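1. Quick check, what structure comes out for this input:
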Amino acid sequence: MIEKFYKFVLFFPLILSSFLAQADFISVKTKQAILFEGPSNTTEKMFIVTEGYPLEVLVSLKDWKKVKDHNGKISWIESKYTHKERTVLILKDKAVIFNKANDESHKLANVDKFVVLKLNSSMLIGNWAEVKTQIEGLIGFINSKEVWGL
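-> Okay, the predicted model is just below:
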């Protein structure tokens, strides 16, 4: 019994730190949103991102969020143009969506690079993420190494 307690005490901080280290992602909710150099629309405009684009939140203020994109570029976006709906961005040419969480299952679709998919669950099954296509509503699994936004 004491041995189990010590194992728990030793491994609990590791489990907790991995849970807390999970990135916080948001997505763009408007057709287009501007990413700025600082938390003000008077600062330099850096990029325009489109609806569904996933962004990693680094700092969250009342009206602004400091975010990182799939290239690692850091900028600011007005909070009103974002929402908590999770999406992922395809990083590989012709990524495949499978029926089940393995590459031996039936192929449902090929997806082009930089296409945005809805994330059905933030929980991975091994290296697989459950996704949904935005246009046809097709639900399947994609290898997490082929997407950004997890």
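
2. could you pull out the strands for the protein?
-> Ranges of strands within the chain are 25-28, 32-36, 45-50, 54-60, 64-68, 74-78, 82-83, 87-90, 95-98, 107-111, 116-119, 128-132, 139-143, 147-148, based on DSSP state E.

3. Now these in a markdown table, please, with extra columns for mean pLDDT.
-> Converted to a markdown table, the strands of the chain look like this (pLDDT from 0 to 100):
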| stretch | mean pLDDT |
| --- | --- |
| strand 25-28 | 95 |
| strand 32-36 | 96 |
| strand 45-50 | 94 |
| strand 54-60 | 96 |
| strand 64-68 | 97 |
| strand 74-78 | 97 |
| strand 82-83 | 94 |
| strand 87-90 | 95 |
| strand 95-98 | 94 |
| strand 107-111 | 93 |
| strand 116-119 | 93 |
| strand 128-132 | 95 |
| strand 139-143 | 94 |
| strand 147-148 | 93 |
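
4. Let me have those strands in TSV, extended by mean neighbour count.
-> (C-beta placed from N, C-alpha, C; glycine too.) Shown next, in TSV, are the strands of the chain (neighbours: other C-beta atoms under 10 Å):
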stretch	mean neighbour count
strand 25-28	22
strand 32-36	17
strand 45-50	14
strand 54-60	18
strand 64-68	19
strand 74-78	20
strand 82-83	17
strand 87-90	22
strand 95-98	19
strand 107-111	15
strand 116-119	22
strand 128-132	21
strand 139-143	21
strand 147-148	20
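
5. OK, contacts around residue 122?
-> 86, 150 (C-beta atoms under 8 Å, 6 or more residues apart in numbering).

6. One more: residue 60?
-> Residues in contact with residue 60 (C-beta under 8 Å, 6+ apart) are 24, 66, 79.

7. Kindly provide the distance from it to residue 116.
-> 22 Å (C-beta to C-beta, to the nearest Å).
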